[in-house]
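Peer 1: Sequence first, then the predicted structure:
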Amino acid sequence: MEMILSLRGVTASYDSIAAVKNLSLDIPRNRITAIIGPSGCGKSTLLQCMNRMLEEEPGATVSGEILLAGKEIQRIPKEDLRRRVGLVFQTPAPFPFSIYKNMTYAPKYYGLKDGESMRLLVEEKLKMAGLYDEVKDDLGKSAYKLSGGQQQRLCIARALTVNPDVLLLDEPCSALDVKSTSIIEDLLPELKRNCTIVLVTHNIAQAKRLADRVAFLYNGELIEYNDKSAFFDTPQETLTRDFLGGARG
Amino acid sequence: MRFSAKFVKSWAYISMAVTVLVIVFLFAYVFFMGSGAISLAFITEMPRGAVLGSEGGIWPAIAGSLWFTGTALILGGIPALATAVCLVFYCKDKRIYNFIRSVIQSIAGIPSIALGLFSYSLLVRTMGIGRCVLAGGIALAIMIFPFIEVRIEKALNEIPRALILSSYALGISHSYTVTKLVLRAIRGELVSGLILGACFAMGATAPIIFTGGVAYAAPPDSVMQPAMALPLHLYLLLAQGTTMPQVYGTAFVLMIIVLVSNTVATVYARREKHTWK
(Lines give C-alpha, C1' and ligand atoms only; values in the text may rest on other atoms or scores of the structure.)
Protein backbone atom coordinates (compact mmCIF):
# COMPACT_ATOMS: atom_id res chain seq x y z
CA MET A 1 0.00 0.00 0.00
CA GLU A 2 1.46 3.38 -1.03
CA MET A 3 1.90 5.87 1.79
CA ILE A 4 1.24 9.54 1.06
CA LEU A 5 2.08 11.00 4.48
CA SER A 6 4.75 9.67 6.82
CA LEU A 7 5.36 11.09 10.26
CA ARG A 8 8.62 10.24 12.04
CA GLY A 9 9.14 11.15 15.68
CA VAL A 10 6.84 14.18 15.56
CA THR A 11 6.54 16.25 18.72
CA ALA A 12 4.32 19.35 18.84
CA SER A 13 4.31 21.76 21.75
CA TYR A 14 2.53 24.88 22.86
CA ASP A 15 4.86 27.09 24.91
CA SER A 16 7.08 24.05 25.52
CA ILE A 17 4.18 21.89 26.78
CA ALA A 18 4.03 18.85 24.49
CA ALA A 19 0.60 18.11 22.99
CA VAL A 20 1.91 15.42 20.62
CA LYS A 21 4.83 13.28 21.78
CA ASN A 22 7.33 11.55 19.51
CA LEU A 23 4.68 10.18 17.20
CA SER A 24 5.31 8.08 14.09
CA LEU A 25 2.57 7.19 11.64
CA ASP A 26 2.15 6.29 7.94
CA ILE A 27 -1.01 7.38 6.13
CA PRO A 28 -1.98 5.37 3.03
CA ARG A 29 -3.01 7.08 -0.21
CA ASN A 30 -6.71 7.17 -1.19
CA ARG A 31 -7.86 5.78 2.12
CA ILE A 32 -9.71 7.25 5.08
CA THR A 33 -7.54 7.27 8.16
CA ALA A 34 -9.38 8.12 11.35
CA ILE A 35 -7.60 9.58 14.37
CA ILE A 36 -9.58 9.01 17.52
CA GLY A 37 -9.04 9.71 21.17
CA PRO A 38 -10.47 11.64 24.10
CA SER A 39 -10.70 15.45 24.10
CA GLY A 40 -7.35 17.15 24.53
CA CYS A 41 -5.29 14.13 23.46
CA GLY A 42 -3.61 16.04 20.60
CA LYS A 43 -5.73 14.92 17.61
CA SER A 44 -6.29 18.39 16.16
CA THR A 45 -2.72 19.44 16.91
CA LEU A 46 -1.46 16.40 15.02
CA LEU A 47 -3.68 17.26 12.07
CA GLN A 48 -2.39 20.82 12.00
CA CYS A 49 1.21 19.54 11.94
CA MET A 50 0.50 17.80 8.64
CA ASN A 51 0.02 20.98 6.63
CA ARG A 52 2.04 23.32 8.87
CA MET A 53 -1.07 25.15 10.08
CA LEU A 54 0.30 24.84 13.58
CA GLU A 55 2.87 27.46 12.62
CA GLU A 56 0.04 30.00 12.67
CA GLU A 57 -0.51 29.40 16.40
CA PRO A 58 1.57 31.71 18.60
CA GLY A 59 4.00 29.75 20.77
CA ALA A 60 3.55 26.45 18.90
CA THR A 61 6.59 24.43 17.78
CA VAL A 62 6.95 21.16 15.88
CA SER A 63 9.95 18.84 15.70
CA GLY A 64 10.49 15.55 13.91
CA GLU A 65 10.01 14.69 10.27
CA ILE A 66 6.85 14.72 8.17
CA LEU A 67 7.07 13.50 4.57
CA LEU A 68 4.50 14.19 1.87
CA ALA A 69 4.97 11.67 -0.95
CA GLY A 70 8.54 11.19 0.26
CA LYS A 71 9.41 14.89 0.52
CA GLU A 72 10.02 16.62 3.86
CA ILE A 73 7.21 19.17 4.24
CA GLN A 74 9.53 21.84 5.64
CA ARG A 75 11.17 21.89 2.20
CA ILE A 76 7.86 22.52 0.47
CA PRO A 77 6.76 26.18 0.43
CA LYS A 78 4.01 26.61 3.04
CA GLU A 79 1.41 27.78 0.50
CA ASP A 80 2.15 24.86 -1.89
CA LEU A 81 1.92 22.38 0.95
CA ARG A 82 -1.42 23.72 2.12
CA ARG A 83 -2.81 23.63 -1.39
CA ARG A 84 -1.85 19.93 -1.56
CA VAL A 85 -2.93 19.14 2.00
CA GLY A 86 -6.24 20.91 2.68
CA LEU A 87 -7.79 21.34 6.10
CA VAL A 88 -11.45 21.72 7.07
CA PHE A 89 -12.10 22.91 10.61
CA GLN A 90 -14.53 21.67 13.22
CA THR A 91 -16.80 24.72 13.02
CA PRO A 92 -17.94 25.72 9.52
CA ALA A 93 -16.16 28.92 8.51
CA PRO A 94 -17.65 30.15 5.22
CA PHE A 95 -16.29 33.45 3.97
CA PRO A 96 -18.71 36.40 4.17
CA PHE A 97 -19.39 36.22 0.44
CA SER A 98 -21.83 34.44 -1.82
CA ILE A 99 -21.65 30.67 -2.29
CA TYR A 100 -20.10 31.20 -5.73
CA LYS A 101 -17.46 33.62 -4.44
CA ASN A 102 -16.57 31.21 -1.64
CA MET A 103 -15.91 28.62 -4.30
CA THR A 104 -13.90 30.86 -6.63
CA TYR A 105 -11.81 32.50 -3.89
CA ALA A 106 -8.90 30.05 -4.04
CA PRO A 107 -8.99 29.25 -7.81
CA LYS A 108 -8.72 32.98 -8.54
CA TYR A 109 -5.68 33.17 -6.28
CA TYR A 110 -4.10 30.32 -8.23
CA GLY A 111 -4.66 32.17 -11.50
CA LEU A 112 -7.88 30.70 -12.91
CA LYS A 113 -9.57 33.50 -14.82
CA ASP A 114 -11.76 31.91 -17.47
CA GLY A 115 -15.40 32.30 -16.44
CA GLU A 116 -16.62 29.07 -18.04
CA SER A 117 -13.81 26.97 -16.47
CA MET A 118 -14.61 28.60 -13.15
CA ARG A 119 -18.30 27.78 -13.47
CA LEU A 120 -17.55 24.16 -14.34
CA LEU A 121 -15.12 23.88 -11.42
CA VAL A 122 -17.69 25.29 -8.98
CA GLU A 123 -20.33 22.89 -10.27
CA GLU A 124 -18.00 19.87 -10.11
CA LYS A 125 -16.78 20.52 -6.56
CA LEU A 126 -20.23 21.37 -5.22
CA LYS A 127 -21.46 18.09 -6.70
CA MET A 128 -18.56 16.23 -5.06
CA ALA A 129 -19.56 17.76 -1.73
CA GLY A 130 -23.19 16.80 -2.30
CA LEU A 131 -24.35 20.40 -2.17
CA TYR A 132 -24.94 21.33 -5.79
CA ASP A 133 -28.57 20.26 -6.08
CA GLU A 134 -29.49 22.25 -2.99
CA VAL A 135 -27.88 25.52 -4.07
CA LYS A 136 -27.64 25.43 -7.88
CA ASP A 137 -30.48 27.91 -8.37
CA ASP A 138 -29.05 30.48 -5.98
CA LEU A 139 -25.27 30.49 -6.09
CA GLY A 140 -25.33 34.25 -5.48
CA LYS A 141 -26.87 33.74 -2.04
CA SER A 142 -24.79 34.62 0.99
CA ALA A 143 -23.01 31.57 2.39
CA TYR A 144 -24.18 32.69 5.82
CA LYS A 145 -27.77 31.91 4.82
CA LEU A 146 -26.98 28.21 4.47
CA SER A 147 -27.69 25.78 7.30
CA GLY A 148 -24.79 24.54 9.46
CA GLY A 149 -24.56 21.27 7.54
CA GLN A 150 -24.66 23.04 4.18
CA GLN A 151 -21.98 25.48 5.36
CA GLN A 152 -19.71 22.61 6.35
CA ARG A 153 -20.23 20.93 2.98
CA LEU A 154 -19.48 24.27 1.32
CA CYS A 155 -16.22 24.40 3.29
CA ILE A 156 -15.37 20.88 2.09
CA ALA A 157 -16.24 21.85 -1.49
CA ARG A 158 -14.14 25.00 -1.13
CA ALA A 159 -11.20 22.93 0.09
CA LEU A 160 -11.63 20.68 -2.97
CA THR A 161 -11.42 23.60 -5.42
CA VAL A 162 -7.61 23.49 -5.22
CA ASN A 163 -7.53 19.72 -5.92
CA PRO A 164 -5.70 18.65 -2.75
CA ASP A 165 -3.92 15.30 -2.54
CA VAL A 166 -4.88 15.01 1.11
CA LEU A 167 -7.92 16.39 2.91
CA LEU A 168 -7.63 16.82 6.67
CA LEU A 169 -11.00 16.93 8.41
CA ASP A 170 -11.00 18.11 12.01
CA GLU A 171 -14.18 16.73 13.58
CA PRO A 172 -16.23 18.01 10.63
CA CYS A 173 -19.55 16.75 12.00
CA SER A 174 -19.21 17.65 15.66
CA ALA A 175 -21.25 20.85 15.29
CA LEU A 176 -23.89 19.30 13.02
CA ASP A 177 -27.20 17.54 13.44
CA VAL A 178 -27.77 13.87 12.61
CA LYS A 179 -29.06 14.50 9.08
CA SER A 180 -26.16 16.75 8.08
CA THR A 181 -23.71 14.30 9.66
CA SER A 182 -25.19 11.49 7.63
CA ILE A 183 -24.87 13.48 4.36
CA ILE A 184 -21.20 14.21 5.07
CA GLU A 185 -20.55 10.61 6.04
CA ASP A 186 -22.05 9.47 2.73
CA LEU A 187 -19.83 11.86 0.87
CA LEU A 188 -16.45 10.89 2.36
CA PRO A 189 -16.15 7.40 0.78
CA GLU A 190 -16.80 9.07 -2.60
CA LEU A 191 -14.12 11.67 -1.97
CA LYS A 192 -11.41 9.15 -1.18
CA ARG A 193 -11.34 8.08 -4.84
CA ASN A 194 -9.64 11.36 -5.61
CA CYS A 195 -7.85 12.22 -2.41
CA THR A 196 -6.62 10.80 0.84
CA ILE A 197 -8.71 11.67 3.88
CA VAL A 198 -7.48 12.04 7.43
CA LEU A 199 -10.45 12.33 9.75
CA VAL A 200 -10.16 13.45 13.34
CA THR A 201 -13.17 12.36 15.36
CA HIS A 202 -14.09 11.61 18.93
CA ASN A 203 -17.01 9.58 17.63
CA ILE A 204 -16.00 5.91 17.71
CA ALA A 205 -19.05 4.82 15.71
CA GLN A 206 -18.18 7.31 12.97
CA ALA A 207 -14.63 5.98 12.75
CA LYS A 208 -16.06 2.46 12.57
CA ARG A 209 -18.41 3.44 9.73
CA LEU A 210 -15.93 5.39 7.62
CA ALA A 211 -12.30 4.57 8.29
CA ASP A 212 -9.99 2.15 6.52
CA ARG A 213 -7.34 2.58 9.20
CA VAL A 214 -7.66 3.91 12.74
CA ALA A 215 -5.10 5.57 15.02
CA PHE A 216 -5.78 5.97 18.73
CA LEU A 217 -4.11 8.84 20.57
CA TYR A 218 -3.98 9.24 24.32
CA ASN A 219 -2.19 12.08 26.12
CA GLY A 220 -0.37 13.02 22.92
CA GLU A 221 0.99 9.52 22.33
CA LEU A 222 0.05 7.08 19.59
CA ILE A 223 -1.26 4.07 21.47
CA GLU A 224 -2.40 1.92 18.60
CA TYR A 225 -2.67 2.14 14.81
CA ASN A 226 -4.14 -0.58 12.67
CA ASP A 227 -6.61 -1.56 9.96
CA LYS A 228 -10.16 -0.85 11.02
CA SER A 229 -11.24 -4.46 11.48
CA ALA A 230 -8.17 -5.39 13.50
CA PHE A 231 -8.37 -2.18 15.51
CA PHE A 232 -11.98 -2.65 16.57
CA ASP A 233 -12.14 -6.46 16.68
CA THR A 234 -8.84 -7.26 18.35
CA PRO A 235 -7.32 -4.17 19.95
CA GLN A 236 -3.84 -4.91 21.22
CA GLU A 237 -3.46 -2.30 23.94
CA THR A 238 -5.28 -2.08 27.25
CA LEU A 239 -5.80 1.68 26.83
CA THR A 240 -7.45 1.10 23.46
CA ARG A 241 -9.74 -1.56 24.90
CA ASP A 242 -10.66 0.72 27.79
CA PHE A 243 -11.39 3.62 25.42
CA LEU A 244 -13.49 1.52 23.04
CA GLY A 245 -15.29 -0.04 25.97
CA GLY A 246 -16.08 3.36 27.45
CA ALA A 247 -13.93 2.95 30.53
CA ARG A 248 -11.70 5.85 29.40
CA GLY A 249 -12.30 9.05 27.49
CA MET B 1 -36.71 46.55 42.82
CA ARG B 2 -34.34 47.98 45.42
CA PHE B 3 -34.05 51.74 45.80
CA SER B 4 -30.43 51.84 44.60
CA ALA B 5 -31.33 49.92 41.42
CA LYS B 6 -34.28 52.28 40.77
CA PHE B 7 -32.02 55.27 41.35
CA VAL B 8 -29.37 54.03 38.90
CA LYS B 9 -32.00 53.21 36.27
CA SER B 10 -33.69 56.61 36.63
CA TRP B 11 -30.34 58.35 36.56
CA ALA B 12 -29.40 56.53 33.34
CA TYR B 13 -32.72 57.41 31.64
CA ILE B 14 -32.59 61.07 32.74
CA SER B 15 -28.97 61.39 31.57
CA MET B 16 -29.87 59.86 28.22
CA ALA B 17 -32.88 62.15 27.82
CA VAL B 18 -30.85 65.27 28.74
CA THR B 19 -28.09 64.33 26.29
CA VAL B 20 -30.55 63.71 23.46
CA LEU B 21 -32.46 66.93 24.21
CA VAL B 22 -29.30 69.04 24.30
CA ILE B 23 -28.14 67.63 20.96
CA VAL B 24 -31.57 68.01 19.34
CA PHE B 25 -31.85 71.58 20.69
CA LEU B 26 -28.35 72.44 19.44
CA PHE B 27 -29.09 71.20 15.95
CA ALA B 28 -32.59 72.68 15.87
CA TYR B 29 -31.35 76.08 17.07
CA VAL B 30 -28.52 76.31 14.54
CA PHE B 31 -30.74 75.04 11.75
CA PHE B 32 -33.49 77.50 12.68
CA MET B 33 -31.12 80.48 12.96
CA GLY B 34 -29.06 79.52 9.93
CA SER B 35 -31.76 78.43 7.52
CA GLY B 36 -32.62 82.07 6.85
CA ALA B 37 -29.15 82.79 5.53
CA ILE B 38 -29.08 79.79 3.25
CA SER B 39 -29.53 80.36 -0.45
CA LEU B 40 -27.92 79.08 -3.61
CA ALA B 41 -25.79 82.22 -3.74
CA PHE B 42 -24.61 81.64 -0.15
CA ILE B 43 -23.37 78.20 -1.13
CA THR B 44 -21.85 79.08 -4.50
CA GLU B 45 -20.47 82.64 -4.24
CA MET B 46 -17.27 84.18 -2.89
CA PRO B 47 -17.54 86.13 0.39
CA ARG B 48 -17.83 89.89 -0.07
CA GLY B 49 -18.65 93.02 1.89
CA ALA B 50 -16.89 95.78 3.80
CA VAL B 51 -16.67 93.35 6.67
CA LEU B 52 -15.60 90.23 4.79
CA GLY B 53 -18.35 87.66 4.75
CA SER B 54 -21.17 90.07 5.53
CA GLU B 55 -22.28 89.62 1.92
CA GLY B 56 -21.81 86.94 -0.69
CA GLY B 57 -21.32 83.30 0.11
CA ILE B 58 -18.99 80.70 1.53
CA TRP B 59 -18.04 78.63 -1.52
CA PRO B 60 -14.23 78.97 -1.02
CA ALA B 61 -14.64 77.83 2.60
CA ILE B 62 -16.65 74.76 1.52
CA ALA B 63 -14.11 73.92 -1.20
CA GLY B 64 -11.18 74.58 1.17
CA SER B 65 -12.67 72.33 3.83
CA LEU B 66 -13.02 69.55 1.28
CA TRP B 67 -9.37 70.03 0.24
CA PHE B 68 -8.14 69.94 3.86
CA THR B 69 -10.30 66.94 4.66
CA GLY B 70 -9.32 65.02 1.53
CA THR B 71 -5.63 65.65 2.17
CA ALA B 72 -5.96 64.61 5.81
CA LEU B 73 -7.89 61.50 4.85
CA ILE B 74 -5.24 60.35 2.39
CA LEU B 75 -2.31 61.20 4.67
CA GLY B 76 -3.95 59.91 7.85
CA GLY B 77 -6.28 57.17 6.63
CA ILE B 78 -3.79 55.12 4.62
CA PRO B 79 -1.18 54.92 7.43
CA ALA B 80 -3.98 54.17 9.91
CA LEU B 81 -5.17 51.24 7.79
CA ALA B 82 -1.61 49.99 7.28
CA THR B 83 -0.82 50.27 11.00
CA ALA B 84 -3.97 48.41 12.01
CA VAL B 85 -3.30 45.59 9.53
CA CYS B 86 0.33 45.41 10.63
CA LEU B 87 -0.55 45.26 14.33
CA VAL B 88 -3.23 42.61 13.91
CA PHE B 89 -1.67 40.35 11.26
CA TYR B 90 2.08 40.85 11.18
CA CYS B 91 3.26 42.07 14.57
CA LYS B 92 4.23 38.92 16.48
CA ASP B 93 6.34 40.61 19.17
CA LYS B 94 4.16 41.71 22.09
CA ARG B 95 6.66 44.37 23.17
CA ILE B 96 6.66 46.03 19.75
CA TYR B 97 2.86 45.80 19.68
CA ASN B 98 2.57 47.47 23.08
CA PHE B 99 5.06 50.17 22.09
CA ILE B 100 3.15 51.03 18.90
CA ARG B 101 -0.13 51.05 20.82
CA SER B 102 1.35 53.46 23.38
CA VAL B 103 2.51 55.75 20.58
CA ILE B 104 -0.98 55.73 19.02
CA GLN B 105 -2.59 56.50 22.38
CA SER B 106 -0.11 59.32 22.92
CA ILE B 107 -0.93 60.84 19.54
CA ALA B 108 -4.62 60.69 20.43
CA GLY B 109 -3.86 62.73 23.53
CA ILE B 110 -2.03 65.59 21.78
CA PRO B 111 -4.08 68.82 21.81
CA SER B 112 -4.99 69.79 18.25
CA ILE B 113 -3.49 73.28 18.65
CA ALA B 114 -0.15 71.63 19.48
CA LEU B 115 -0.38 69.64 16.25
CA GLY B 116 -0.99 72.90 14.40
CA LEU B 117 2.01 74.46 16.11
CA PHE B 118 4.17 71.43 15.24
CA SER B 119 3.14 71.55 11.59
CA TYR B 120 3.65 75.33 11.50
CA SER B 121 7.15 75.24 12.98
CA LEU B 122 8.35 72.19 11.03
CA LEU B 123 6.64 72.49 7.66
CA VAL B 124 5.70 76.14 7.27
CA ARG B 125 8.79 77.72 8.90
CA THR B 126 11.68 75.25 8.98
CA MET B 127 10.98 73.43 5.71
CA GLY B 128 9.61 76.58 4.15
CA ILE B 129 6.62 75.13 2.30
CA GLY B 130 4.53 78.09 3.47
CA ARG B 131 0.94 78.12 4.65
CA CYS B 132 -0.88 75.69 2.44
CA VAL B 133 -3.44 72.88 2.35
CA LEU B 134 -0.64 70.31 2.65
CA ALA B 135 0.71 71.73 5.91
CA GLY B 136 -2.80 71.94 7.41
CA GLY B 137 -3.68 68.52 5.99
CA ILE B 138 -0.66 66.94 7.67
CA ALA B 139 -1.63 68.41 11.05
CA LEU B 140 -5.19 67.13 10.57
CA ALA B 141 -3.89 63.74 9.37
CA ILE B 142 -1.90 63.28 12.59
CA MET B 143 -5.01 64.24 14.54
CA ILE B 144 -7.33 61.73 12.83
CA PHE B 145 -4.75 58.93 12.51
CA PRO B 146 -5.42 57.33 15.94
CA PHE B 147 -9.17 57.92 15.57
CA ILE B 148 -9.27 55.84 12.37
CA GLU B 149 -6.62 53.30 13.42
CA VAL B 150 -8.45 52.29 16.59
CA ARG B 151 -11.71 51.71 14.70
CA ILE B 152 -10.08 49.63 11.97
CA GLU B 153 -8.04 47.62 14.47
CA LYS B 154 -11.19 46.85 16.47
CA ALA B 155 -12.98 45.67 13.31
CA LEU B 156 -10.00 43.50 12.34
CA ASN B 157 -9.88 41.93 15.79
CA GLU B 158 -13.56 41.04 15.57
CA ILE B 159 -13.07 38.85 12.49
CA PRO B 160 -13.18 35.22 13.64
CA ARG B 161 -9.74 33.64 13.55
CA ALA B 162 -11.26 30.52 12.00
CA LEU B 163 -12.11 32.56 8.91
CA ILE B 164 -8.53 33.71 8.44
CA LEU B 165 -7.12 30.26 9.17
CA SER B 166 -9.53 28.78 6.62
CA SER B 167 -7.99 31.04 4.01
CA TYR B 168 -4.42 30.10 5.03
CA ALA B 169 -5.47 26.43 4.96
CA LEU B 170 -6.23 26.81 1.23
CA GLY B 171 -2.61 27.79 0.70
CA ILE B 172 -3.55 31.44 0.30
CA SER B 173 -0.87 33.96 1.27
CA HIS B 174 -1.26 36.36 4.18
CA SER B 175 -1.30 39.41 1.89
CA TYR B 176 -4.04 37.98 -0.39
CA THR B 177 -6.05 36.98 2.68
CA VAL B 178 -5.81 40.52 4.03
CA THR B 179 -6.70 42.28 0.79
CA LYS B 180 -9.32 39.93 -0.64
CA LEU B 181 -10.93 38.53 2.48
CA VAL B 182 -10.26 40.64 5.54
CA LEU B 183 -10.58 44.13 4.08
CA ARG B 184 -13.68 43.12 2.13
CA ALA B 185 -15.17 41.62 5.26
CA ILE B 186 -14.70 44.84 7.24
CA ARG B 187 -15.46 47.28 4.43
CA GLY B 188 -18.47 48.66 6.32
CA GLU B 189 -16.42 49.55 9.39
CA LEU B 190 -13.52 50.66 7.20
CA VAL B 191 -15.57 53.13 5.18
CA SER B 192 -17.46 54.37 8.23
CA GLY B 193 -14.17 54.86 10.15
CA LEU B 194 -12.77 56.89 7.26
CA ILE B 195 -15.93 59.02 6.95
CA LEU B 196 -16.09 59.67 10.69
CA GLY B 197 -12.39 60.57 10.61
CA ALA B 198 -13.14 62.97 7.76
CA CYS B 199 -15.96 64.55 9.80
CA PHE B 200 -13.55 64.96 12.71
CA ALA B 201 -11.03 66.68 10.43
CA MET B 202 -13.65 68.86 8.79
CA GLY B 203 -14.80 70.29 12.10
CA ALA B 204 -11.31 71.03 13.44
CA THR B 205 -10.04 74.61 13.45
CA ALA B 206 -6.92 74.68 15.64
CA PRO B 207 -4.63 72.55 13.40
CA ILE B 208 -5.24 74.78 10.37
CA ILE B 209 -5.14 78.27 11.92
CA PHE B 210 -1.37 78.63 11.55
CA THR B 211 -0.73 76.13 8.82
CA GLY B 212 -2.98 76.57 5.84
CA GLY B 213 -6.27 78.21 6.72
CA VAL B 214 -6.66 81.86 5.73
CA ALA B 215 -9.39 84.50 6.05
CA TYR B 216 -9.81 84.95 2.34
CA ALA B 217 -8.64 82.96 -0.65
CA ALA B 218 -10.08 81.54 -3.84
CA PRO B 219 -10.73 77.80 -3.86
CA PRO B 220 -7.29 76.17 -4.15
CA ASP B 221 -6.02 74.42 -7.26
CA SER B 222 -3.38 72.38 -5.46
CA VAL B 223 -2.32 71.34 -1.98
CA MET B 224 0.48 73.90 -2.07
CA GLN B 225 -1.96 76.82 -1.83
CA PRO B 226 -3.59 78.19 1.31
CA ALA B 227 -7.36 77.87 1.59
CA MET B 228 -10.37 79.00 3.52
CA ALA B 229 -12.13 76.44 5.70
CA LEU B 230 -15.64 76.34 7.14
CA PRO B 231 -14.74 76.17 10.86
CA LEU B 232 -12.08 78.88 10.53
CA HIS B 233 -14.45 81.08 8.50
CA LEU B 234 -17.08 80.56 11.18
CA TYR B 235 -14.60 81.54 13.88
CA LEU B 236 -13.52 84.69 12.02
CA LEU B 237 -17.10 85.76 11.28
CA LEU B 238 -18.05 85.24 14.91
CA ALA B 239 -15.00 87.22 16.08
CA GLN B 240 -16.16 90.16 13.94
CA GLY B 241 -19.53 89.97 15.68
CA THR B 242 -21.44 91.87 13.00
CA THR B 243 -22.51 89.08 10.70
CA MET B 244 -24.56 86.70 12.85
CA PRO B 245 -26.90 85.39 10.09
CA GLN B 246 -23.82 84.38 8.09
CA VAL B 247 -22.30 82.77 11.20
CA TYR B 248 -25.36 80.58 11.64
CA GLY B 249 -25.54 79.94 7.91
CA THR B 250 -21.95 78.73 7.88
CA ALA B 251 -22.54 76.59 10.97
CA PHE B 252 -25.65 75.22 9.28
CA VAL B 253 -23.71 74.16 6.19
CA LEU B 254 -20.90 72.63 8.27
CA MET B 255 -23.34 70.70 10.43
CA ILE B 256 -25.32 69.48 7.43
CA ILE B 257 -22.15 68.15 5.79
CA VAL B 258 -21.07 66.42 9.00
CA LEU B 259 -24.59 65.11 9.74
CA VAL B 260 -25.09 63.71 6.24
CA SER B 261 -21.59 62.15 6.28
CA ASN B 262 -22.24 60.60 9.68
CA THR B 263 -25.59 59.24 8.57
CA VAL B 264 -24.11 57.76 5.39
CA ALA B 265 -21.28 56.19 7.42
CA THR B 266 -23.67 54.73 9.98
CA VAL B 267 -26.13 53.36 7.43
CA TYR B 268 -23.35 51.89 5.27
CA ALA B 269 -21.59 50.33 8.25
CA ARG B 270 -24.84 48.82 9.52
CA ARG B 271 -25.71 47.43 6.09
CA GLU B 272 -22.28 45.92 5.54
CA LYS B 273 -21.63 44.75 9.08
CA HIS B 274 -21.38 41.01 9.49
CA THR B 275 -22.69 39.20 12.48
CA TRP B 276 -19.80 36.80 12.83
CA LYS B 277 -20.83 33.24 13.49
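Peer 2: Everything's here; your move. Numbers count the residues shown, from 1 in each chain, chains lettered A, B, ... in the order given.

Peer 1: Check which helices and strands the one helix or strand B:Trp67 maps to sits against.
Peer 2: Using DSSP states H and E, B:Trp67 sits in helix B:59-72. Secondary-structure packing of helix B:59-72 (3 or more Cβ pairs under 8 Å, 6 or more residues apart in numbering or on different chains; DSSP states H and E): helix B:40-44, helix B:133-158, helix B:187-202, helix B:230-240, helix B:244-272. Where C-beta positions appear, they are placed from N, C-alpha and C, glycine not excepted.

Peer 1: Where does pLDDT dip in the chain?
Peer 2: You didn't say which chain, so I picked chain A. Chain A contains residues with pLDDT under 70 at A:247-249.

Peer 1: Chain B, not that one
Peer 2: Along chain B, segments meeting pLDDT under 70 span B:1, B:275-277.

Peer 1: Please report how far the spatially closest residue to B:Tyr120 that is not a sequence neighbour lies from chain A.
Peer 2: Excluding the flanking residues, the one nearest B:Tyr120 by Cβ to Cβ, 6 or more residues apart in numbering or on different chains is B:Phe210, at 3.9 Å. Counting by Cβ to the nearest Cβ, to the nearest Å, the separation of B:Phe210 from chain A is 45 Å.

Peer 1: Would you map the strands across the stretch 1-150 of chain B?
Peer 2: Listed in chain order, the strands of the stretch 1-150 of chain B (DSSP state E, counting those that start in this stretch) span B:47-48, B:55-56.

Peer 1: What pairs with the last one, parallel or antiparallel?
Peer 2: Think strand B:55-56. Using DSSP bridges, the strands paired with strand B:55-56 in its sheet are strand B:47-48 (antiparallel).

Peer 1: Now do the helix holding B:Trp67 against helix B:230-240, angle only.
Peer 2: Using axes from the mean of the first three to the mean of the last three Cα atoms, to 10 degrees, the direction of helix B:59-72 lies 140 degrees away from that of helix B:230-240.

Peer 1: now helix B:59-72 and helix B:244-272, what's the angle there?
Peer 2: Helix B:59-72 and helix B:244-272 meet at an angle of 40 degrees, taking the same axes, to 10 degrees as the criterion.

Peer 1: measure the spatially closest residue to B:Gly136 that is not a sequence neighbour to B:Ile78 for me?
Peer 2: Nearest non-adjacent residue to B:Gly136, counting by Cβ to Cβ, 6+ apart: B:Gly212, 2.9 Å away. Distance of B:Gly212 to B:Ile78, computed by Cβ to Cβ, to the nearest Å: 20 Å.

Peer 1: what about those two, which has more around it?
Peer 2: B:Gly212 (38 against 14; other Cβ atoms under 10 Å in any protein chain shown).

Peer 1: just checking, that one touches B:Gly116?
Peer 2: No: B:Gly212 is beyond contact range of B:Gly116, at 9.5 Å (criterion: Cβ atoms under 8 Å).

Peer 1: Which neighbours do those two have in common?
Peer 2: B:Gly136 (Cβ atoms under 8 Å, 6 or more residues apart in numbering or on different chains).

Peer 1: Residues of the stretch 101-250 of chain B that sit close to chain A?
Peer 2: Taking Cβ under 8 Å from any Cβ of the partner chain as the contact definition, the stretch 101-250 of chain B meets chain A at B:160, B:162-163, B:165-173, B:176, B:180-181, B:184-185.

Peer 1: how about residue 198, what does it touch?
Peer 2: Using chain A. Taking Cβ under 8 Å, 6+ apart, we find A:Val198 in contact with A:5, A:27, A:32-33, A:35, A:47, A:50, A:166-169.

Peer 1: not quite, I wanted chain B
Peer 2: B:69, B:72-73, B:144, B:261.

Peer 1: try 6 Å this time
Peer 2: When contacts are counted by Cβ atoms under 6 Å, 6 or more residues apart in numbering or on different chains, B:Ala198 touches B:69, B:73.
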